[in-house]
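[1] Structure for this input, please:
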Amino acid sequence: MKDLNDILGMASRVQEEMQKAQAELDNLQVEGIAGGGLVKVRASAKGRILGLSIDQSLIDPNDKGMLEDLIVAAFNDARAKADEVASDQMSKMTAGLPLPPGFKLPF
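    A predicted model of the protein is given here:
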């Protein structure tokens, strides 16, 4: 049977690997398409919205840039709030667990 130091060391290595994997996800990009390609959202694989494209046939060309910026800002704001709620919920769920100080679950 492994001693406590071995177990904690293994948990630390797993945590480091999870952090690396999360950082790598932010470098991968995906594109969501709607309306037969008239609306496209570019995002990181981690879920961060990077850009939005709306075909001009769908909107008034004079407002296109402002509309795109507002939609991207709203998506990012919603994502930040969702992450905060998820973090708060995880804190509540793990409050009674005997986890070592600084130990974070990969969620």
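[2] Give the buried residues for stretch 33-53.
    41, 43, 48-49, 52 (16 or more other C-beta atoms under 10 Å). To be clear about C-beta, it is placed using only N, CA and C from the backbone, and glycine gets the same treatment.
[3] Just after the helix or strand of the chain with the lowest mean pLDDT, pick out the following helix or strand.
    Within the chain, no helix or strand scores below helix 4-25, which has a mean of 75 by mean pLDDT, DSSP states H and E. Once the chain leaves helix 4-25, the next helix or strand it forms, by DSSP states H and E, is strand 29-34.
[4] Parallel or antiparallel, list what pairs with that following strand.
    Strand 29-34 pairs in its sheet with strand 39-44 (antiparallel), by DSSP bridges.
[5] quick one, the longest helix along the chain and strand 39-44 angle?
    Assignment by DSSP state H gives helix 64-94 as the longest helix of the chain. Helix 64-94 and strand 39-44 are oriented at 50 degrees to each other (axes from the mean of the first three to the mean of the last three C-alpha atoms, to 10 degrees).
[6] where in the protein is pLDDT low?
    For the chain, applying pLDDT under 70 flags the ranges 1-2, 18, 21-22, 90, 92-107.
[7] if you set the cut-off to 50 instead, what comes out?
    Across the chain, the ranges flagged by pLDDT under 50 are 107.
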